[in-house]
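Undergrad: could you work out the structure for the sequence below:
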Amino acid sequence: MRTPLVMTLGVVLAPCGLLLDLTATLAPGWRLLKGFLDQPVDVVLYQGLWDMCREQSSQQRECGRPDEWGYFAAQPVLVARGLMVTSLATAALGLLLATLGVRCWRDEPRFALAGVSGVVLFVAGLFGLIPVSWYNHVLGDRAVLPAPASPVTLQVGYSLVLGYLGSCLLLLGGCSLALSLAPWCEERCRRGRKAPPAGPRRSSISTVYGDWPEPALTPAIKNYSQGYHRPPPARLPAAAAAKPKVGFPMPRPPPKAYANPADVLDGEAGRAADSQGASSRSTRPCHSSLPCDSDL
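TA: Numbering: from 1, shown residues only. I've put the predicted structure just below:
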(Lines give C-alpha, C1' and ligand atoms only; values in the text may rest on other atoms or scores of the structure.)
Protein backbone atom coordinates (compact mmCIF):
# COMPACT_ATOMS: atom_id res chain seq x y z
CA MET A 1 0.00 0.00 0.00
CA ARG A 2 1.26 3.46 -0.88
CA THR A 3 1.85 5.86 1.98
CA PRO A 4 -0.98 8.44 2.10
CA LEU A 5 -0.13 12.00 1.11
CA VAL A 6 -0.98 13.45 4.51
CA MET A 7 1.50 11.09 6.18
CA THR A 8 4.23 11.85 3.67
CA LEU A 9 3.73 15.59 4.09
CA GLY A 10 3.79 15.34 7.86
CA VAL A 11 6.91 13.20 7.93
CA VAL A 12 8.71 15.70 5.68
CA LEU A 13 7.64 18.91 7.47
CA ALA A 14 8.09 17.74 11.05
CA PRO A 15 11.84 16.96 10.89
CA CYS A 16 12.45 20.29 9.18
CA GLY A 17 10.63 22.10 11.96
CA LEU A 18 12.52 20.19 14.60
CA LEU A 19 15.85 21.09 13.01
CA LEU A 20 14.96 24.79 12.77
CA ASP A 21 13.77 24.89 16.39
CA LEU A 22 16.96 23.21 17.55
CA THR A 23 19.05 25.79 15.70
CA ALA A 24 16.99 28.65 17.11
CA THR A 25 17.32 27.32 20.65
CA LEU A 26 21.10 26.93 20.56
CA ALA A 27 22.11 29.86 18.37
CA PRO A 28 22.82 33.21 20.13
CA GLY A 29 20.80 35.31 17.72
CA TRP A 30 17.49 36.17 19.37
CA ARG A 31 18.33 39.87 19.70
CA LEU A 32 20.87 42.10 17.97
CA LEU A 33 22.42 45.19 19.62
CA LYS A 34 24.23 47.95 17.68
CA GLY A 35 25.54 51.51 18.27
CA PHE A 36 27.68 51.26 21.39
CA LEU A 37 29.28 54.55 22.35
CA ASP A 38 32.50 53.09 23.72
CA GLN A 39 32.87 50.52 20.94
CA PRO A 40 33.72 50.70 17.25
CA VAL A 41 30.85 51.34 14.88
CA ASP A 42 30.93 47.85 13.35
CA VAL A 43 30.64 46.06 16.68
CA VAL A 44 27.48 43.91 16.99
CA LEU A 45 26.32 42.03 20.08
CA TYR A 46 24.19 38.92 19.61
CA GLN A 47 22.06 37.76 22.53
CA GLY A 48 20.52 34.28 22.74
CA LEU A 49 18.98 32.04 25.36
CA TRP A 50 22.24 30.50 26.53
CA ASP A 51 25.08 32.69 25.26
CA MET A 52 26.18 36.15 24.08
CA CYS A 53 28.59 36.75 21.21
CA ARG A 54 30.47 39.89 20.15
CA GLU A 55 31.24 40.26 16.47
CA GLN A 56 33.30 42.92 14.71
CA SER A 57 33.61 43.39 10.95
CA SER A 58 32.20 39.89 10.41
CA GLN A 59 35.71 38.54 11.03
CA GLN A 60 36.25 38.48 14.75
CA ARG A 61 33.62 36.62 16.77
CA GLU A 62 33.91 36.20 20.50
CA CYS A 63 31.29 34.18 22.44
CA GLY A 64 30.81 33.64 26.16
CA ARG A 65 30.54 37.35 26.93
CA PRO A 66 29.57 38.27 30.53
CA ASP A 67 26.01 39.42 31.25
CA GLU A 68 26.43 43.02 32.42
CA TRP A 69 22.73 43.96 32.45
CA GLY A 70 21.03 40.86 33.89
CA TYR A 71 19.69 39.68 30.54
CA PHE A 72 19.69 35.95 31.32
CA ALA A 73 17.69 36.47 34.49
CA ALA A 74 14.78 38.09 32.62
CA GLN A 75 11.49 36.20 32.74
CA PRO A 76 10.98 35.93 28.94
CA VAL A 77 14.42 34.35 28.60
CA LEU A 78 13.79 31.83 31.38
CA VAL A 79 10.36 30.87 30.00
CA ALA A 80 11.79 30.58 26.48
CA ARG A 81 14.48 28.20 27.71
CA GLY A 82 11.99 25.85 29.33
CA LEU A 83 9.42 25.91 26.53
CA MET A 84 11.94 25.52 23.72
CA VAL A 85 13.53 22.48 25.40
CA THR A 86 10.06 21.03 25.98
CA SER A 87 9.19 21.67 22.34
CA LEU A 88 12.28 19.85 21.16
CA ALA A 89 11.62 16.82 23.38
CA THR A 90 7.96 16.64 22.36
CA ALA A 91 8.85 16.95 18.68
CA ALA A 92 11.37 14.12 19.01
CA LEU A 93 8.72 11.91 20.63
CA GLY A 94 6.23 12.79 17.90
CA LEU A 95 8.72 11.89 15.17
CA LEU A 96 9.40 8.55 16.84
CA LEU A 97 5.68 7.76 16.94
CA ALA A 98 5.30 8.92 13.35
CA THR A 99 8.11 6.62 12.22
CA LEU A 100 6.46 3.64 13.91
CA GLY A 101 2.99 4.52 12.66
CA VAL A 102 3.62 5.51 9.08
CA ARG A 103 5.52 2.44 7.95
CA CYS A 104 7.94 0.62 10.22
CA TRP A 105 8.30 -2.37 7.83
CA ARG A 106 4.58 -2.98 7.52
CA ASP A 107 2.43 -3.38 4.44
CA GLU A 108 -0.15 -0.94 5.78
CA PRO A 109 0.47 2.06 8.06
CA ARG A 110 -0.94 2.31 11.54
CA PHE A 111 -3.41 5.14 11.15
CA ALA A 112 -4.14 5.49 14.85
CA LEU A 113 -0.49 5.75 15.85
CA ALA A 114 0.26 8.16 13.01
CA GLY A 115 -2.65 10.34 14.09
CA VAL A 116 -1.44 10.41 17.70
CA SER A 117 2.03 11.43 16.51
CA GLY A 118 0.43 14.31 14.60
CA VAL A 119 -1.25 15.54 17.77
CA VAL A 120 2.06 15.34 19.66
CA LEU A 121 3.87 17.29 16.92
CA PHE A 122 1.17 19.94 16.93
CA VAL A 123 1.63 20.42 20.68
CA ALA A 124 5.39 20.66 20.14
CA GLY A 125 4.79 23.44 17.61
CA LEU A 126 2.70 25.32 20.13
CA PHE A 127 5.42 24.97 22.76
CA GLY A 128 7.89 26.53 20.33
CA LEU A 129 5.61 29.27 19.03
CA ILE A 130 4.62 30.68 22.43
CA PRO A 131 8.11 31.74 23.66
CA VAL A 132 9.16 33.05 20.25
CA SER A 133 6.06 35.23 20.00
CA TRP A 134 6.42 36.51 23.55
CA TYR A 135 10.11 37.31 23.12
CA ASN A 136 9.38 39.19 19.90
CA HIS A 137 6.63 41.15 21.63
CA VAL A 138 8.88 42.41 24.48
CA LEU A 139 12.08 42.63 22.42
CA GLY A 140 12.28 46.44 22.49
CA ASP A 141 11.14 46.82 26.12
CA ARG A 142 14.32 47.46 28.14
CA ALA A 143 12.42 47.10 31.40
CA VAL A 144 11.48 43.50 30.60
CA LEU A 145 14.58 42.54 28.61
CA PRO A 146 17.47 44.58 30.03
CA ALA A 147 19.72 46.32 27.51
CA PRO A 148 22.03 49.36 27.34
CA ALA A 149 20.35 52.73 27.04
CA SER A 150 20.06 54.72 23.86
CA PRO A 151 21.70 55.23 21.39
CA VAL A 152 22.03 51.42 21.36
CA THR A 153 19.47 50.00 18.92
CA LEU A 154 17.64 46.69 19.37
CA GLN A 155 16.80 44.49 16.36
CA VAL A 156 15.34 41.07 15.73
CA GLY A 157 17.91 38.31 15.35
CA TYR A 158 17.87 35.40 12.95
CA SER A 159 17.10 32.91 15.73
CA LEU A 160 13.61 34.37 16.11
CA VAL A 161 12.99 33.91 12.38
CA LEU A 162 14.16 30.32 12.57
CA GLY A 163 12.01 29.74 15.63
CA TYR A 164 8.93 31.04 13.84
CA LEU A 165 9.56 28.88 10.80
CA GLY A 166 10.31 25.76 12.83
CA SER A 167 7.21 26.13 14.99
CA CYS A 168 4.97 26.69 11.96
CA LEU A 169 6.40 23.63 10.20
CA LEU A 170 5.74 21.54 13.30
CA LEU A 171 2.16 22.79 13.41
CA LEU A 172 1.58 22.00 9.73
CA GLY A 173 3.24 18.60 9.97
CA GLY A 174 1.26 17.75 13.08
CA CYS A 175 -2.04 18.74 11.45
CA SER A 176 -1.20 16.69 8.38
CA LEU A 177 -0.39 13.59 10.41
CA ALA A 178 -3.43 14.10 12.62
CA LEU A 179 -5.63 13.68 9.53
CA SER A 180 -4.59 10.02 9.57
CA LEU A 181 -7.12 9.52 12.35
CA ALA A 182 -9.97 9.94 9.85
CA PRO A 183 -9.63 6.44 8.23
CA TRP A 184 -9.19 4.89 11.66
CA CYS A 185 -12.33 6.58 13.01
CA GLU A 186 -14.27 5.59 9.90
CA GLU A 187 -13.24 1.97 10.28
CA ARG A 188 -14.19 1.96 13.96
CA CYS A 189 -17.60 3.45 13.18
CA ARG A 190 -18.17 0.84 10.46
CA ARG A 191 -17.29 -1.95 12.85
CA GLY A 192 -19.58 -0.48 15.49
CA ARG A 193 -22.52 -0.41 13.07
CA LYS A 194 -21.93 -4.01 11.96
CA ALA A 195 -21.37 -5.41 15.45
CA PRO A 196 -24.11 -7.84 16.57
CA PRO A 197 -26.19 -6.92 19.61
CA ALA A 198 -24.98 -8.03 23.02
CA GLY A 199 -27.97 -10.29 23.69
CA PRO A 200 -30.93 -11.70 21.81
CA ARG A 201 -33.51 -9.07 21.18
CA ARG A 202 -37.03 -9.87 22.25
CA SER A 203 -39.72 -9.08 19.77
CA SER A 204 -42.46 -6.72 20.82
CA ILE A 205 -45.09 -9.10 19.37
CA SER A 206 -45.22 -12.57 20.93
CA THR A 207 -45.97 -15.38 18.52
CA VAL A 208 -47.32 -18.66 19.86
CA TYR A 209 -47.27 -21.73 17.69
CA GLY A 210 -49.68 -24.56 18.56
CA ASP A 211 -50.34 -27.96 17.02
CA TRP A 212 -54.08 -27.79 16.59
CA PRO A 213 -55.92 -31.00 15.43
CA GLU A 214 -57.85 -30.83 12.19
CA PRO A 215 -61.59 -30.54 12.72
CA ALA A 216 -63.59 -33.63 11.88
CA LEU A 217 -65.90 -33.31 8.87
CA THR A 218 -69.59 -33.87 9.35
CA PRO A 219 -71.06 -37.00 7.71
CA ALA A 220 -73.11 -34.89 5.30
CA ILE A 221 -69.94 -33.30 3.89
CA LYS A 222 -67.65 -36.28 4.27
CA ASN A 223 -69.95 -38.69 2.36
CA TYR A 224 -71.10 -36.23 -0.30
CA SER A 225 -69.94 -37.45 -3.72
CA GLN A 226 -71.09 -36.73 -7.29
CA GLY A 227 -73.93 -34.56 -6.16
CA TYR A 228 -75.54 -37.31 -4.05
CA HIS A 229 -75.34 -38.21 -0.45
CA ARG A 230 -73.62 -41.57 -0.07
CA PRO A 231 -73.67 -43.78 2.97
CA PRO A 232 -70.40 -44.22 4.86
CA PRO A 233 -67.88 -46.67 3.35
CA ALA A 234 -68.63 -49.18 6.12
CA ARG A 235 -72.24 -49.53 4.85
CA LEU A 236 -71.31 -49.95 1.16
CA PRO A 237 -70.72 -53.37 -0.38
CA ALA A 238 -67.20 -54.65 -0.30
CA ALA A 239 -66.75 -54.33 -4.07
CA ALA A 240 -67.95 -50.74 -4.13
CA ALA A 241 -65.81 -49.82 -1.13
CA ALA A 242 -62.73 -51.48 -2.64
CA LYS A 243 -63.11 -49.73 -6.03
CA PRO A 244 -64.12 -46.11 -5.61
CA LYS A 245 -65.41 -44.23 -8.60
CA VAL A 246 -63.08 -41.75 -10.19
CA GLY A 247 -64.10 -38.80 -12.34
CA PHE A 248 -66.59 -35.97 -12.46
CA PRO A 249 -70.37 -36.38 -13.05
CA MET A 250 -71.60 -35.36 -16.47
CA PRO A 251 -74.44 -32.82 -16.58
CA ARG A 252 -77.85 -34.06 -17.61
CA PRO A 253 -79.09 -32.99 -21.08
CA PRO A 254 -81.80 -30.35 -21.07
CA PRO A 255 -85.37 -31.50 -22.04
CA LYS A 256 -86.45 -31.30 -25.71
CA ALA A 257 -88.09 -28.15 -26.82
CA TYR A 258 -91.12 -29.88 -28.42
CA ALA A 259 -92.01 -32.05 -25.43
CA ASN A 260 -95.51 -31.24 -24.20
CA PRO A 261 -96.99 -33.08 -21.25
CA ALA A 262 -100.56 -32.16 -22.26
CA ASP A 263 -102.55 -34.54 -24.52
CA VAL A 264 -103.37 -32.50 -27.58
CA LEU A 265 -105.57 -35.32 -29.08
CA ASP A 266 -107.98 -35.25 -26.20
CA GLY A 267 -111.55 -34.81 -27.66
CA GLU A 268 -110.58 -35.45 -31.21
CA ALA A 269 -111.81 -39.09 -31.41
CA GLY A 270 -115.40 -38.04 -32.25
CA ARG A 271 -114.37 -35.70 -34.90
CA ALA A 272 -112.11 -38.28 -36.59
CA ALA A 273 -115.10 -40.27 -38.01
CA ASP A 274 -116.80 -37.19 -39.38
CA SER A 275 -113.72 -36.01 -41.08
CA GLN A 276 -112.78 -39.42 -42.48
CA GLY A 277 -114.27 -38.60 -45.80
CA ALA A 278 -112.36 -35.37 -46.08
CA SER A 279 -109.19 -37.09 -44.96
CA SER A 280 -109.50 -39.71 -47.67
CA ARG A 281 -109.33 -36.94 -50.25
CA SER A 282 -105.94 -35.78 -48.83
CA THR A 283 -102.99 -36.31 -51.12
CA ARG A 284 -100.57 -37.24 -48.28
CA PRO A 285 -101.34 -39.61 -45.40
CA CYS A 286 -100.42 -38.46 -41.83
CA HIS A 287 -98.79 -41.08 -39.68
CA SER A 288 -97.78 -38.82 -36.82
CA SER A 289 -99.59 -38.73 -33.46
CA LEU A 290 -99.72 -34.99 -33.74
CA PRO A 291 -102.40 -33.37 -35.92
CA CYS A 292 -101.43 -32.83 -39.53
CA ASP A 293 -101.62 -29.64 -41.41
CA SER A 294 -104.55 -30.95 -43.44
CA ASP A 295 -106.48 -31.69 -40.29
CA LEU A 296 -105.88 -28.18 -39.05
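
Undergrad: what about the helices in the stretch 1-150 of the chain?
TA: Using DSSP state H, counting those that start in this stretch, the helices of the stretch 1-150 of the chain run over 5-26, 75-102, 111-137.

Undergrad: which parts of the last one are buried?
TA: Along helix 111-137, the positions that meet the burial threshold by neighbour count (16 or more other C-beta atoms under 10 Å) are 111-132, 134-136. Placement of C-beta: from N, CA and C, glycine included.

Undergrad: what sits closest to Leu149 if chain neighbours are left out?
TA: In this structure residue 149 is Ala, not Leu. Arg142 (7.4 Å; C-beta to C-beta, 6 or more residues apart in numbering).

Undergrad: what is the neighbour count of that neighbour?
TA: 14 (other C-beta atoms under 10 Å).

Undergrad: now the phi/psi pair for Gln155, please.
TA: phi -130, psi 160 (degrees, to the nearest 10).

Undergrad: all strands for the chain, in order.
TA: Using DSSP state E, the strands of the chain run over 31-34, 43-47, 52-56, 60-63, 153-156, 224-225, 228-229.

Undergrad: now those strands as JSON lines including mean neighbour count and mean pLDDT?
TA: Below are those laid out as JSON lines (neighbours: other C-beta atoms under 10 Å; pLDDT from 0 to 100):
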{"stretch": "strand 31-34", "mean neighbour count": "20", "mean pLDDT": "89"}
{"stretch": "strand 43-47", "mean neighbour count": "20", "mean pLDDT": "88"}
{"stretch": "strand 52-56", "mean neighbour count": "17", "mean pLDDT": "87"}
{"stretch": "strand 60-63", "mean neighbour count": "11", "mean pLDDT": "82"}
{"stretch": "strand 153-156", "mean neighbour count": "14", "mean pLDDT": "88"}
{"stretch": "strand 224-225", "mean neighbour count": "12", "mean pLDDT": "53"}
{"stretch": "strand 228-229", "mean neighbour count": "10", "mean pLDDT": "52"}
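
Undergrad: relative to Leu172, which of the ones you listed is closest?
TA: strand 153-156 (22.5 Å; C-beta to C-beta).

Undergrad: who touches the closest one?
TA: Arg31, Leu32, Leu33, Lys34, Gly35, Asn136, Leu139, Gly140, Arg142, Ala147 (C-beta atoms under 8 Å, 6 or more residues apart in numbering).

Undergrad: from one end of stretch 22-34 to the other, what's the distance?
TA: 26 Å (C-alpha to C-alpha, to the nearest Å).

Undergrad: Ala74 is in contact with the residue nearest to Ala149, correct?
TA: No. Arg142 lies out of contact with Ala74 (C-beta atoms under 8 Å); the separation is 10.3 Å.

Undergrad: Cys189: which of the helices of the stretch 1-150 of the chain is closest?
TA: Between the helices of the stretch 1-150 of the chain, helix 111-137 lies closest to Cys189; by C-beta to C-beta that is 13.3 Å.

Undergrad: run through the neighbouring helices and strands of the closest one.
TA: helix 5-26, helix 75-102, helix 158-178, helix 181-194 (3 or more C-beta pairs under 8 Å, 6 or more residues apart in numbering; DSSP states H and E).

Undergrad: which ones are touching the closest residue in space to Arg61 that isn't next to it in sequence?
TA: Nearest residue to Arg61 in three dimensions, chain neighbours excluded: Glu55, at 4.8 Å (C-beta to C-beta, 6+ apart). Residues counted as contacts of Glu55 (C-beta under 8 Å, 6+ apart) are Val43, Val44, Leu45, Tyr46, Arg61, Glu62.

Undergrad: any idea how far Tyr71 is from the third one?
TA: Spatial separation of Leu45 from Tyr71 under the definition C-beta to C-beta, to the nearest Å is 10 Å.

Undergrad: which residues does the closest residue to Val43 other than its chain neighbours contact?
TA: Once flanking residues are discounted, Val43 sits nearest to Gln56: 5.1 Å by C-beta to C-beta, 6+ apart. Shown in contact with Gln56 (C-beta under 8 Å, 6+ apart): Pro40, Asp42, Val43, Val44.
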